[in-house]
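Q: pasted the sequence and its predicted model underneath.
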Amino acid sequence: TQLLEQSPQFLSIQEGENLTVYCNSSSVFSSLQWYRQEPGEGPVLLVTVVTGGEVKKLKRLTFQFGDARKDSSLHITAAQPGDTGLYLCAGEARSGTYKYIFGTGTRLKVLA
Amino acid sequence: ETGVTQTPRHLVMGMTNKKSLKCEQHLGHNAMYWYKQSAKKPLELMFVYNFKEQTENNSVPSRFSPECPNSSHLFLHLHTLQPEDSALYLCASSPRGTNYGYTFGSGTRLTVV
């Protein structure tokens, strides 16, 4: 069974601080996605990474896919209260299925 | 507006009731999904439909019955549920054959009493 473990589970930081969220697995994924979910809403796709070692930037968010395609990280620079939410990683279960297994989630709270 | 609309947003039902959840998308996506989100557990894939055909049933109990009359609509029929079925039920759609990811609806918060 493919599992995606995210760490930390919870994170509470002050506005302006930097943080990194990790997504780890013993399985290889052909692609991996990151989502953010706000209370009372569904997850919203932030990024998809498909190549080992790939780095993508989305404003203050930097996403990296591990060289072996088993892990990924999300780094946020100068966090803002609007970054508050549940961050989910999702790996493609089997290549070409476009069916994703979701991680355990990291709940981030950024205090003003 | 996410492009995927789920109704109702909230539902409280007794264990003997029958109810249905509705999902609608007009994004032109070919695949639609039902996920269950419970506290302290990862999102669980329940069903996958590709071009109206069910391609995945992830060992879901028969008290959950999906229906996909066309590529734009997806239903989840509920009957004789248990309190542990209380959760957020999320519908998603995607354009198959791409890495564009899922577009999720806002979900239905289900409480079984």
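A: Looks like it arrived, so ask away.
Q: B:A39: how many residues sit nearby?
A: Neighbours of B:A39 under the rule other Cβ atoms under 10 Å in any protein chain shown: 7. (C-beta placed from N, C-alpha, C; glycine too.)
Q: if you could redo that for B:Q82, that was the one I meant.
A: By other Cβ under 10 Å, 10 other residues sit near B:Q82.
Q: that one is in contact with B:V112, isn't it?
A: Yes. Assessed by Cβ atoms under 8 Å, B:Q82 is found in contact with B:V112 at 6.4 Å.
Q: what sits in contact with each of these two?
A: B:M15 (Cβ atoms under 8 Å, 6 or more residues apart in numbering or on different chains).
Q: show residues contacting stretch A:32-52.
A: Identification of contacts with stretch A:32-52 by Cβ under 8 Å, 6+ apart yields A:23, A:30-31, A:56, A:58, A:61, A:63-69, A:72, A:74, A:84-92, A:100, B:2, B:4, B:43, B:90, B:92, B:99-107.
Q: what is the neighbour count of the nearest residue to B:K36 once chain neighbours are set aside?
A: Excluding its sequence neighbours, the residue lying closest to B:K36 (Cβ to Cβ, 6 or more residues apart in numbering or on different chains) is B:E44, at 4.6 Å. Residues within reach of B:E44, counting by other Cβ under 10 Å, total 17.
Q: residues contacting the residue in chain B positioned nearest to chain A?
A: Residue of chain B nearest chain A, by Cβ to the nearest Cβ: B:F104 (3.1 Å). When contacts are counted by Cβ under 8 Å, 6+ apart, B:F104 touches A:Y35, A:G42, A:P43, A:V44, B:T2, B:V4, B:Y35, B:L90, B:C91, B:A92.
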